[in-house]
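Enquirer: Need a 3D model of the sequence below.
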Amino acid sequence: MTAPATQKVDLKSLIRSEYIRCATDKAYFMRKYCFIQHPTKGRMLFDLYGYQEEALSTFDQEDYTIILKGRQIGLSTVVACLALQMMLFSKDKNVLVIATKQETAKNLITKVRFAFDNLPVWLQVPVVENNKLSLRFANGSQIKASSSSGDAGRSEAVSLLVLDEAAFIKNAAEIWTAAQATLATGGKAILISTPNGIGNFFHKKYVEAEEFKGRNKDGAFYPIKLDWRVHPDRDDKWEQTQRTVLGDRDFRQEYEAEFLGSGNTVIDSDLIEFYRQTHKKDPIAKKGPGGDLWVWEYPDYTKSYIVVADVARGENSEMGDFSAMHVIDAVTCTQVAEFKGRLPTTEFGHLLVATSTEYNDALLVVENGGIGWATIQTIIDRQYKNLFYMTDDLKYLDPEDVRSNKLYRADKRAIAGFTTSSRTRPLIISKLDQYMRDKSVIIRSQRTLDELLTFVWENGKPIATDGFHDDLVMSMSIGLWIRDTALQLHQKGLEYTKLSLDKMNRVNQYDGVYMPGGLTQDPYKTIINGAEEDFRWLL
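Expert: This next block holds a predicted model:
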């Protein structure tokens with residue numbers, strides 16, 4: 001009679017131990033007790049892949065997570081089992097799943113229900129509501145499915161909000177705004193989607209998340225990207241087959257999880273993808289305010305650099321443009337550093353002077369429209385010696401001549417910085433397009449490439465998609481135009497001046513000006529290679 005009692009006590013202890021472990025170890029709970037419906041293998045235990053377990057760990061650590069994924073990666077299954085574990089072992093948890101269609105949201109509820117129905121009895125809890133769109137337990141926890149209606153997520157105390165295929169939810173921004181009040185009390189949010197073009201809420205949030213990754217910004221999403229390569233059952237042969245079946249563009253969107261332009265991007269989206277695959281690199285350092293100054297190459301004293309900047313107002317709000325800066329190797333046309341952030345205009349001026357000085361007293365070009373003058377004044381006050389000046393006829397002036405006032409009368413109207421106008425804007429955008437098509441500029445930054453994806457033609461004008469920015473695009477365009485046009489014209493002007501002075505020296509040395517009997521020739525004319533040259537243009 002003693003043995004059965006002992007066995008009973010041991011069984012209770014085992015169940016208690018397993019229950020505690022399932023409550024504290026989500027991955028263990030899923031691997032040991034969660035059954036799923038595999039599309040080809042049928043009912044089976046959920047043996048998580050490594051990337052799925054890493055995502056699960058991220059869900060624990062981060063309040064807001066955004067997942068850009070390829071198709072059939074199995075992330076919705078992870079989220080379903082996560083929701084079930086939360087509901088089983090915690091009271092009064094409210095999980096809300098929103099998708100573009102109610103049927104899509106219902107699919108995740110179905111996965112939760114299937115996993116629950118296949119649990120051992122000792123892990124189950126009494127059910128008080130069970131239908132196609134909801135599952136509610138006696139402990140007060142529940143999961144509900146909803147379509148993306150205007151009031152979805154409003155006035156609900158949500159413990160976990162899941163936006164499934166968020167890129168396809170047209171009013172996702174409205175839903176997210178409505179849910180903020182309830183999430184602010186400690187709820188978590190997971191946005192999952194395959195890409196659906198650019199400019200939508202999901203794309204914007206993912207790009208922002210990548211930009212703020214690792215910087216502990218309040219309210220920022222933590223980004224995860226999962227393409228077909230993370231799945232251990234897929235190989236190069238699988239890729240070739242699927243790419244052939246779908247076509248290259250659809251494969252890149254559906255399985256490589258790429259945001260693809262709609263075809264009206266100013267720079268061809270395939271060309272942007274070439275740059276992403278070929279030249280994009282993580283910076284070797286992130287410096288400056290907030291780590292917003294990204295560096296790919298430290299200064300080389302043997303090289304010449306151009307620093308070009310676009311100035312924004314710098315308020316610490318989520319609205320408005322960013323101040324942007326590129327450091328470009330003037331010879332190889334390589335992006336060696338970049339800044340994008342919100343700084344007051346004076347502080348931005350100090351940053352520009354410091355960076356330009358560090359990079360061998362680089363030529364410093366600042367867009368002078370609007371608030372740009374405040375930054376330029378800071379640079380002038382700091383007496384930076386290589387500030388860019390330009391005349392109305394787009395002529396570049398030597399900074400030394402400007403400081404010493406050695407200018408012709410027409411050049412005295414030159415202004416500091418570069419003016420973007422209806423006259424110059426098409427020129428600089430065309431120069432960017434030319435450089436990128438020729439693949440003669442090397443762009444390292446994911447931030448710049450992201451802006452290029454949302455820099456589109458709208459009513460015949462090249463502008464950023466609504467809700468996005470073009471600060472890095474415009475400053476890079478200015479930098480390339482300055483490098484290719486203004487500096488070259490300046491160098492040619494110096495060469496012509498030197499050649500002309502050489503000619504005048506030869507006239508004075510051999511022909512003379514005065515002869516017995518008076519002036520024999522015009523002192524501003526001479527014969528060069530059989531042709532008469534007039535040097536009055538030098539005056």
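Enquirer: what's Q124 in contact with, if anything?
Expert: L88, F116 (CB atoms under 8 Å, 6 or more residues apart in numbering). C-betas here are computed from N, CA, C, even on glycine.
Enquirer: Can you check the pLDDT for it?
Expert: At Q124, the predicted lDDT confidence score is 94.
Enquirer: now F137: how far from E273?
Expert: Between F137 and E273 the computed distance is 47 Å (CB to CB, to the nearest Å).
Enquirer: try P126
Expert: 53 Å.
Enquirer: try I379
Expert: Per CB to CB, I379 is found 37 Å from E273.
Enquirer: Between these two, point out the one with more neighbours.
Expert: I379 (22 against 19; other CB atoms under 10 Å).
Enquirer: Pull the helix or strand that one falls within out as PDB, backbone CA atoms only.
Expert: For I379, the element it lies in under DSSP states H and E is helix 372-381. Output of helix 372-381 as PDB, limited to C-alpha atoms (Å, rounded to 0.1, in the frame of the first residue of the first chain):
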ATOM      1  CA  GLY A 372      20.600  77.400 -42.600                       C
ATOM      2  CA  TRP A 373      21.900  80.900 -42.100                       C
ATOM      3  CA  ALA A 374      22.000  80.500 -38.300                       C
ATOM      4  CA  THR A 375      24.300  77.500 -38.700                       C
ATOM      5  CA  ILE A 376      26.400  79.400 -41.300                       C
ATOM      6  CA  GLN A 377      26.800  82.300 -38.900                       C
ATOM      7  CA  THR A 378      28.200  80.000 -36.300                       C
ATOM      8  CA  ILE A 379      30.700  78.700 -38.800                       C
ATOM      9  CA  ILE A 380      31.700  82.300 -39.800                       C
ATOM     10  CA  ASP A 381      32.000  83.300 -36.100                       C
END
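Enquirer: Contacts for it, please.
Expert: Outside helix 372-381, the residues that reach it (CB under 8 Å, 6+ apart) are 309-311, 345-346, 348-350, 352-353, 364, 366, 368, 387, 416-417.
Enquirer: which one of these is nearest N459?
Expert: D310 (22.5 Å; CB to CB).
Enquirer: Please list all residues in contact with that closest one.
Expert: For D310, the contacting residues are D321, S323, A324, M325, E367, G372, D471, L472, M474, S475, I478, by CB under 8 Å, 6+ apart.
Enquirer: For it, which non-adjacent residue is spatially closest?
Expert: Distances taken as CB to CB, 6 or more residues apart in numbering put S475 closest to D310, at 4.1 Å, once the chain neighbours are dropped.
Enquirer: for the one you found, what are its contacts?
Expert: Neighbours of S475 in contact, by CB under 8 Å, 6+ apart: V308, A309, D310, A324, M325, H326, E367.
Enquirer: A helix includes it, no?
Expert: Yes: assessed by DSSP: H, G, I helix; E, B strand; the rest coil, S475 belongs to a helix.
Enquirer: Tell me where the stretch 1-150 of the chain has strands.
Expert: Counting by DSSP state E, counting those that start in this stretch, one finds strands in the stretch 1-150 of the chain at the ranges 35-38, 42-45, 64-69, 94-99, 127-131, 134-137, 142-147.
Enquirer: Also the stretch 301-450 of the chain?
Expert: Going by DSSP E, counting those that start in this stretch, the stretch 301-450 of the chain shows strands at 305-310, 323-329, 335-341, 363-366, 389-390, 396-397, 415-416.
Enquirer: To S76, which of the ones you listed lies closest?
Expert: strand 335-341 (33.6 Å).
Enquirer: Could you break this protein into its assigned domains?
Expert: 2-226, 269-490 (automatic domain parsing).
Enquirer: Distance to V245 for those domains - can I get that in JSON lines?
Expert: Formatted as JSON lines, the domains of the chain follow (distance: least, CB to CB, whole Å):
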{"stretch": "domain 2-226", "distance to V245": "13"}
{"stretch": "domain 269-490", "distance to V245": "20"}
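Enquirer: how about these, which one is nearest R252?
Expert: domain 269-490 (7.4 Å).
Enquirer: Next, count neighbours for the residue lying closest to T391 once chain neighbours are set aside.
Expert: Leaving aside its chain neighbours, T391 sits nearest to A414 (4.6 Å; criterion: CB to CB, 6+ apart). When neighbours are counted by other CB under 10 Å, A414 registers 17.
Enquirer: on that earlier part again, export the contacts of D310 to TSV and tack on distance to N130 and pLDDT?
Expert: Below are the contacts of D310 laid out as TSV (distance: CB to CB, whole Å; pLDDT from 0 to 100):
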residue	distance to N130	pLDDT
D321	51	72
S323	55	92
A324	54	95
M325	58	96
E367	62	93
G372	63	86
D471	52	92
L472	52	95
M474	56	94
S475	58	95
I478	62	94
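Enquirer: how about CSV for the residues you listed, with distance to E297 added?
Expert: Below are the contacts of D310 laid out as CSV (distance: CB to CB, whole Å):
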residue, distance to E297
D321, 27
S323, 22
A324, 18
M325, 15
E367, 24
G372, 27
D471, 22
L472, 18
M474, 23
S475, 18
I478, 21
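Enquirer: From S477, how far off is the residue nearest the centre of the chain?
Expert: In the chain, the residue lying closest to the centroid (CA atoms, centre = their mean) is R447, at 3.6 Å. The spacing between R447 and S477, counted by CB to CB, is 15 Å.
Enquirer: swap in E273?
Expert: 20 Å.
Enquirer: got it, and F468?
Expert: Applying CB to CB to F468 and S477 gives a distance of 16 Å.
Enquirer: And the two? Which one has more around it.
Expert: With neighbours defined as other CB under 10 Å, F468 and S477 compare such that S477 has more, 28 against 18.
Enquirer: show me the contacts for the more buried one.
Expert: I428, I429, K431, L432.
Enquirer: related to what we said a few turns ago, looking at the strands of the stretch 1-150 of the chain, which is closest to H231?
Expert: Across the strands of the stretch 1-150 of the chain, the minimum distance to H231, taken as CB to CB, is reached by strand 64-69, at 10.5 Å.
Enquirer: Return the list of strands paired to the closest one, each annotated with direction.
Expert: Sheet pairing for strand 64-69, assigned by DSSP bridges, gives strand 188-193 (parallel), strand 222-226 (parallel).
Enquirer: Any chance you could list what contacts that strand?
Expert: 55, 58-59, 75, 166, 188-195, 202, 205-206, 209, 219-227, 257.
Enquirer: and that strand, how far out from the chain's middle?
Expert: Mean-position distance between strand 64-69 and its chain equals 15 Å (CA atoms, centre = their mean, to the nearest Å).
Enquirer: Sort out which residues of stretch 463-483 are buried, please.
Expert: For stretch 463-483, the neighbour count (16 or more other CB atoms under 10 Å) marks 464-465, 468-483 as buried.
Enquirer: Show me those that map onto helices.
Expert: D471, L472, V473, M474, S475, M476, S477, I478, G479, L480, W481 (DSSP state H).
Enquirer: isn't the fourth one right next to T420, touching?
Expert: Yes: counting by CB atoms under 8 Å, T420 is a contact partner of M474 at 6.9 Å.
Enquirer: list the residues that contact both of those two?
Expert: In contact with both M474 and T420: E367, I428, using CB under 8 Å, 6+ apart.
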